[in-house]
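Asks: Fold the following and give me the result.
(one chain, ligands or ions: 1)
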Amino acid sequence: MDQKITITMSENLKPKPADESSLGFGRIFTDHMFVMDYAEDKGWYDPRIEPYSPISIDPSSMILHYGQAIFEGMKAYRTTDGSVVLFRPIENMRRINVSNNRMVIPQIDPEYMVKCVKALVELEKDWVPSSTGTSLYIRPFIFATDTFLGVRPSKTYKFMVILSPSGPYYPQGLDPVKIYVEQEYVRAVVGGTGFAKTPGNYAASLASQAKAYESGYVQVLWLDGVERKYIEEVGSMNVFFVIDGKLVTPSLDGSTLPGITRKTVIELARSWGIDVEERRISIDEVFTKALDGRVSEVFGSGTAAVISPVGELFWNSKKVIFNDNKIGNLSQKLYSTITGIQYGLIPDEFNWIEKVV
Ligand code: COI
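Replies: Modelled structure (predicted):
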């Protein structure tokens with residue numbers, strides 16, 4: 001696939017945010033967006049960049065009724081020499097096809113999607129912030145547009161990419177977060193959609209997020225949907241534990257998102273000679289070993305959040321504190337290395353960076 005992208009420039013350019021320290025996450029949007037349509041007889045067609053604006057949707061559009069959609073999260077970074085780069089973009093685009101496959105949405109050429117994202121980011125390069133911890137968050141998404149109320153896969157879709165100059169996802173940045181272990185609700189089950197980046201997984205998480213907030217916790221740790229025993233992921237991140245000096249993370253058994261930052265953490269840790277285990281971890285194991293002083297740090301990993309240290313877990317009316325509620329050495333080293341590579345402060349030995357401009 002190599003269709004030419006048509007560009008229509010906005011005539012009303014918005015002022016760029018003056019204060020990069022108060023960007024927040026996902027609140028401000030740039031001047032342009034990428035759009036491409038799908039129809040059965042045409043395949044993916046009409047790739048275009050046009051002024052960012054609200055779109056009109058027929059009230060009977062299938063996305064509004066049955067949620068057939070997927071999304072991705074990536075970032076463009078301003079490096080110290082002023083370039084704009086992406087981090088492992090092909091991984092996100094391959095994951096789009098994994099999500100599409102589960103949600104019966106037609107596949108798209110991953111290399112072509114990287115090209116479309118690069119074209120949009122290049123056009124919007126002046127929106128990429130440069131202060132520490134900021135980036136241009138990239139949100140590709142696809143949704144079903146057939147106007148029909150029967151339950152079946154749509155025959156038409158829209159693929160869009162929007163951009164948002166953003167600061168840290170969690171306002172507390174690198175300060176350890178308190179996490180509530182969910183025992184009532186589940187996020188996903190094996191055979192369901194947990195491994196796909198589809199909006200319903202996130203909608204399903206909201207009730208428990210609201211409950212966690214009410215109890216003074218900022219995120220939820222999900223247990224498996226069958227035994228409510230094995231750890232799956234944290235809020236919108238994968239989760240890691242340092243147990244007896246080994247880095248342990250839940251294996252990808254079908255109900256957990258295969259995170260790109262998760263993969264990066266595993267590859268970096270192994271390159272540093274750290275033993276990494278991908279396996280089932282029960283919440284009981286974590287509590288028992290933590291009380292014996294064998295769990296030295298816990299952190300979440302994700303594109304939006306990067307590395308987010310966990311200071312406290314609450315489960316079954318019990319509480320356990322990790323590393324005195326301080327960021328651990330490995331969490332700090334991973335954060336500094338990943339962001340160092342992304343901002344061009346550390347050589348990119350793994351070839352993870354792709355320059356846009
Ligand atoms: C990301 O980490 O980019 C995500 O997509 C998680 C999101 C729900 C903020």
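
Asks: Could you list the residues of the stretch 201-350 of the chain in contact with the ligand?
Replies: Proximity of the stretch 201-350 of the chain to the ligand is confined to 202, 236, 302, 303, 304 under the rule CB under 6 Å from any ligand atom. In this view, the C-beta of every residue, glycine as well, is placed from N, C-alpha and C.

Asks: among the residues you listed, which two are most distant?
Replies: 202 and 303 (14.1 Å; CB to CB).

Asks: So for the two, which sits in the more crowded spot?
Replies: residue 303 (22 against 14; other CB atoms under 10 Å).

Asks: pLDDT score assigned to the nearest residue to the more buried one once chain neighbours are set aside?
Replies: Nearest residue to residue 303 in three dimensions, chain neighbours excluded: residue 73, at 4.5 Å (CB to CB, 6 or more residues apart in numbering). At residue 73, the pLDDT value in this model is 97.

Asks: residue boundaries of the strands in the stretch 51-200 of the chain?
Replies: Under the criterion DSSP state E, counting those that start in this stretch, the stretch 51-200 of the chain carries strands at the ranges 69-71, 74-78, 84-87, 135-144, 156-166, 177-181.

Asks: what comes into contact with the first one?
Replies: Think strand 69-71. 63, 96, 99-100, 103, 105, 139-144, 196-199 (CB atoms under 8 Å, 6 or more residues apart in numbering).

Asks: run the last query once more with 10 Å
Replies: 62-63, 95-103, 105, 139-144, 154, 157-160, 193, 196-200, 202 (CB atoms under 10 Å, 6 or more residues apart in numbering).

Asks: Which residue is the nearest non-sequential neighbour of the closest residue to the ligand within the stretch 101-250 of the chain?
Replies: Residue nearest to the ligand within the stretch 101-250 of the chain (CB to the nearest ligand atom): residue 236, separated by 3.8 Å. Once flanking residues are discounted, residue 236 sits nearest to residue 302: 5.8 Å by CB to CB, 6+ apart.

Asks: Hmm, residue 234 and that neighbour touching each other?
Replies: Yes: with contact defined as CB atoms under 10 Å, residue 302 counts as touching residue 234 (8.7 Å).

Asks: So for the two, which sits in the more crowded spot?
Replies: Neighbour comparison, residue 302 and residue 234: the larger count goes to residue 234, with 25 against 22 (by other CB under 10 Å).

Asks: Next, the residue of the stretch 1-150 of the chain at minimum distance from the ligand: phi, psi?
Replies: Proximity of the stretch 1-150 of the chain to the ligand (CB to the nearest ligand atom) peaks at residue 73, 2.1 Å away. Backbone torsions of residue 73, given as degrees, to the nearest 10, read phi -140, psi 120.

Asks: And it, how close does it get to residue 45?
Replies: 26 Å (CB to CB, to the nearest Å).

Asks: So for the two, which sits in the more crowded spot?
Replies: More neighbours surround residue 73 than the other of residue 73 and residue 45, with 21 against 11 (other CB under 10 Å).

Asks: Who are the contact partners of that one?
Replies: Applying CB under 10 Å, 6+ apart, one finds that residue 73 lies in contact with 26, 92, 137-141, 169, 197, 236, 259-261, 302-305.

Asks: before we move on, back to that, correct me, but the residue of the stretch 101-250 of the chain closest to the ligand touches residue 218?
Replies: No: Residue 236 is not in contact with residue 218 according to CB under 10 Å; the separation is 11.7 Å.
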